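Fold the following and give me the result.
(4 chains)
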Protein chains: 2
Amino acid sequence: MASAAPRTLADLPTGHPCGGCDARRVALCGVLDCTDLTTLRCLGGTQALTGGHALFHEGDRASQVYNITNGAIRLTKLLPDGRRQVMGFMFPGDFLGITLGDEHAFTAEALGDTLLCRFPRARFDEFVEEHPELERELYRKAAHELAAAQAQMLLLGRKSAAERLASFFLDLAARQQRLTAATSRFVDLPMCRADVADYLGLTKETVSRLLAQLKQQRLLRLETLNQVELLDLPGLTTLAEGGADMLAA
Amino acid sequence: MASAAPRTLADLPTGHPCGGCDARRVALCGVLDCTDLTTLRCLGGTQALTGGHALFHEGDRASQVYNITNGAIRLTKLLPDGRRQVMGFMFPGDFLGITLGDEHAFTAEALGDTLLCRFPRARFDEFVEEHPELERELYRKAAHELAAAQAQMLLLGRKSAAERLASFFLDLAARQQRLTAATSRFVDLPMCRADVADYLGLTKETVSRLLAQLKQQRLLRLETLNQVELLDLPGLTTLAEGGADMLAA
DNA sequence: CGCGTGCTTGACCAATGTCAAGTATGGTGG
DNA sequence: CCACCATACTTGACATTGGTCAAGCACGCG
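Below is the predicted model:
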């Protein structure tokens, strides 16, 4: 998957100055607001990636900072024997690659054709230096990510497979609604089943089977392979919180 | 356990001004250095807790910030049906209760008799306001906690029970060595088996069985029920990283 | 229309959880 | 100081969940 043949990158907009940046989208991440952007957009270039290609690898020197403008990114960690944990998925508006150390703590790969706004790290750091109020924003961002990571620890440590899947869909739905500022029962799945499995600490077969089960319980429906319709939000929520034995139905 | 009869709190030092604070210990946390301390120690009082008692609960208003001076604290999250995930353990020098929202994201309970240095949150926030360089330190602290949480996600999502236990002991050993600035093969376990289990996403029975197995493989030894001697650091490390089938031995 | 990849489903298996004794430990009171 | 008790730990037998391995299916691309 990571070695899919690169397709023509030429037909994706690339290069300086940052043509792919949309101030409203970058603003969504909460780290920088639109005012900052007028300055920051001069710093960056655009980077395009086709599906399966890595933006950087775990252990790489963190020399760039990115903001996704289009597409989606998968963050993964590997064990020496190849077992993989997906640490999260990133969507337009999310910042990526900001780290305290000089090395990236995970690998970032595109889930499909993806556009990013890229900033040299040194210039990003300078920019933060010049705008000390951003320090607070970086802290805020780290604190939010920490809260998300802790929720995921609860999920991985104590939830059943069905509860994990329900939590996942609700989470994706919430993120997509925040992004589009619209409310829809439809959730896009830009990642494959194996990615979902590696995110939830399961296997792709288990994800498939549970999808069938949730479908049969009328909690959701597969519109296409990569789009689900959530049919019963309260039911899914109850299941996700471990509040009921929905499985007996 | 949470309802163990309170023993005499009187025989633990309490009250203002912060008599229990040890500047060197507070400095260990990396958030405040000794210089800050001369100021900050005027702000706080001391709080004592006996084993099993809660410092605060998940969802409580976060009105205080704490620094542990003695003992150990367990941080937990609960699912509605009572399943519990231990989010982490805190030791002397660790800060506790700093959060962006107004509510605590987890419950904090003492593992044994524990002393803390307590600061009203409003005064702590003021203090940070007056010392903007602390903003950076708070960010650093959050980033470290995030890295730890992500390592734990990998553990919970993809490691086997034996790998989890080995990782846990190595982790505890590293923390205790950082705290005491000494290197020792002995690791103290201030928490019970169920706490370890809930931290690692296992059951206390599995923890017990795996302890027996690691013992039999001569990777470690139980000095007492609450202290292990790590006999084979390289072996434990290999096991923790999932690098080998140590189980076949 | 055919092929490849990814998804689903089934049969079986292994790891870990559950339930239930049995045992050790450490604190308490005699 | 010892004996007892409560609690926590260990161990065993068995159940269950989810993983593994192996077809088969279907979607989407060429």
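
Please count neighbours and contacts with C-alpha atoms only from this point.
Will do.

and chain A, which of its residues are near chain B?
Proximity of chain A to chain B, by Cα under 8 Å from any Cα of the partner chain, involves residues A:77, A:79-81, A:83-85, A:87, A:99-100, A:105, A:135-136, A:138-140, A:142-143, A:145-147, A:149-150, A:152-154, A:156-158, A:198-202, A:241-243.

filter those down to the ones close to DNA strand D.
Under the cut-off given by Cα under 7 Å from any atom of the strand, DNA strand D has A:G201, A:L202 from the residues of chain A next to chain B close to it.

How many neighbouring residues does the nearest residue to A:R83 once chain neighbours are set aside have?
By the measure of Cα to Cα, 6 or more residues apart in numbering or on different chains, the closest residue to A:R83 outside its immediate chain neighbours is B:R158, 6.7 Å from it. B:R158 is surrounded by 24 other residues when neighbours are defined as other Cα atoms under 10 Å in any protein chain shown.

now do A:G52
The tally of other residues near A:G52 (other Cα under 10 Å) stands at 20.

The lengthiest helix in chain A - contacts with which helices or strands?
For chain A, the longest helix by residue count, based on DSSP state H, is helix A:133-158. Of the remaining helices and strands, those touching helix A:133-158 by 3 or more Cα pairs under 8 Å, 6 or more residues apart in numbering or on different chains; DSSP states H and E are strand B:84-90, helix B:133-158, helix B:193-200.

rerun at 10 Å
Under the contact criterion of 3 or more Cα pairs under 10 Å, 6 or more residues apart in numbering or on different chains; DSSP states H and E, helix A:133-158 touches strand A:84-90, helix A:121-130, helix A:161-180, helix A:193-200, strand B:73-78, strand B:84-90, helix B:133-158, helix B:193-200.

Quickly run through the sheet partners of the fifth one, with directions.
Strand pairing for strand B:73-78, using DSSP bridges, gives strand B:84-90 (antiparallel), strand B:107-110 (antiparallel).

Let me know the angle separating it from helix A:133-158.
Orientation check (axes from the mean of the first three to the mean of the last three Cα atoms, to 10 degrees): strand B:73-78 against helix A:133-158 gives 70 degrees.

and if you look at the third one?
If you take the same axes, to 10 degrees, helix A:161-180 sits at 160 degrees to helix A:133-158.

ok, and does helix A:161-180 reach over to DNA strand C?
No. If you take Cα under 7 Å from any atom of the strand as the test, helix A:161-180 misses DNA strand C, and the best it gets is 12.2 Å.

Kindly export that helix (C-alpha atoms) in CSV.
Only the C-alpha atoms of helix A:161-180 are listed here, as CSV (Å, rounded to 0.1, in the frame of the first residue of the first chain):
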residue,chain,number,x,y,z
ALA,A,161,-15.0,-4.3,19.6
ALA,A,162,-18.6,-3.1,18.9
GLU,A,163,-18.2,-0.2,21.3
ARG,A,164,-15.0,0.8,19.6
LEU,A,165,-16.5,0.9,16.2
ALA,A,166,-19.6,2.9,17.4
SER,A,167,-17.3,5.4,19.1
PHE,A,168,-15.2,5.7,15.9
PHE,A,169,-18.2,6.5,13.7
LEU,A,170,-19.6,9.1,16.2
ASP,A,171,-16.2,10.7,16.4
LEU,A,172,-15.7,10.9,12.7
ALA,A,173,-19.2,12.3,12.3
ALA,A,174,-18.5,15.0,14.9
ARG,A,175,-15.3,16.0,13.1
GLN,A,176,-16.9,16.1,9.7
GLN,A,177,-19.7,18.2,11.0
ARG,A,178,-17.3,20.6,12.6
LEU,A,179,-15.4,20.8,9.3
THR,A,180,-18.4,21.4,7.1
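
Partner strands of the helix or strand just after that helix and their direction?
Towards the C-terminus, the helix or strand next in line after helix A:161-180, according to DSSP states H and E, is strand A:186-188. Partners of strand A:186-188 in the sheet, by DSSP bridges, are strand A:227-230 (antiparallel).

Now the phi/psi pair for A:L96, please.
phi -150, psi 140 (degrees, to the nearest 10).
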